[in-house]
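>>> Just need the structure, nothing else, for what follows:
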Amino acid sequence: MFISYSNTMKSNLLNNQTTIFLILLLVVTTCKKKIELPVVNTEQVKVTTTYITSAVGKGTVVNDGGGTVFERGACWSTIKNPTINDKRYVNGYGLGSFDIYMDGLFANTLYYLRTYARNQAGINYGNQIQFTTLPPIAPILMTASVSNITETTAVSGASWINDNGDQITTKGVCWSTTNNPTISDNKTENGTGAGEFVSNVTGLLPGTIYYLRAYAINNKGIGYGEEISFMTLSQ
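Modelled structure (predicted):
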């Protein structure tokens, strides 16, 4: 009888331990926090005036949904409700505000923008806002330093050009013996497009001070770089 009673006690204890384990497992499973999609806001966009084919904005991840926001950013398109399959900019992770930088835009074009955030539950998008880029204007550019100066020649060009949303049809440098030379003075022509270029200046007079500027032309006007002065070598 004693052995039988002991086995019964052991059996009851084992059953009680199993029951407690199942209860604890049920409690843990029931209390486990469910991860929701993150919440993100899209804020106002500012179209840049220096580079009219770009824009900047801000977004804010206000709620991580109980998970970890491991990617956040923005997406944009000329069609409503853009997704990450459209143009996209990624800016870090986690809660809080973040900057948005968009480039390669078309001038005078309506765009739609949404921020997004991604956690373990998936991707969620913020509110949609729209903005319009500025219309094309004359190019802006930087005149390259003058080098290889001789009695009658020199080398310059443009070290940087922005077409400001309109194709450059002509570019080069212009020069004169007076300030602020224009394309009505002496000039070179170095092709089309927004790429930097090197220009060979010829036909100069020895021992003379010249003023030179790079220029670029599109359908909206003529843009000039900063003026550089130099003196040719004396004979």
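>>> low-confidence ranges in this structure?
For the chain, the stretches flagged by pLDDT under 70 are 1-33.
>>> Could you chop the protein up by domain?
Following automatic domain parsing, the chain resolves into domains at 39-132, 140-231.
>>> Where does the residue nearest to residue 189 when sequence neighbours are not counted fall, secondary structure wise?
Here the nearest residue to residue 189 in space, its sequence neighbours aside, is residue 172; by Cβ to Cβ, 6 or more residues apart in numbering that works out to 4.7 Å. From N, CA and C alone the C-beta is placed, and that goes for glycine too. Assigned by DSSP states H and E, residue 172 belongs to strand 170-176.
>>> Show the secondary-structure elements that the helix or strand just after that strand is packed against.
The element immediately downstream of strand 170-176 (helix or strand, assigned by DSSP H and E) is strand 186-187. Packing partners of strand 186-187 (3 or more Cβ pairs under 8 Å, 6 or more residues apart in numbering; DSSP states H and E): strand 170-176.
>>> how about 10 Å then?
Applying 3 or more Cβ pairs under 10 Å, 6 or more residues apart in numbering; DSSP states H and E, we find strand 186-187 packed against strand 170-176, strand 197-201, strand 209-218.
>>> The first one versus strand 197-201: what angle between them?
Compare the direction of strand 170-176 with that of strand 197-201 by axes from the mean of the first three to the mean of the last three Cα atoms, to 10 degrees and you get 40 degrees.
>>> related to what we said a few turns ago, ok, the residue nearest to residue 189 - how many residues close by?
By other Cβ atoms under 10 Å, 20 other residues sit near residue 172.
>>> And residue 178, by the same measure?
Residue 178: 9 surrounding residues under other Cβ under 10 Å.
>>> How about it: what's its closest non-neighbour residue?
Nearest non-adjacent residue to residue 178, counting by Cβ to Cβ, 6+ apart: residue 211, 6.6 Å away.
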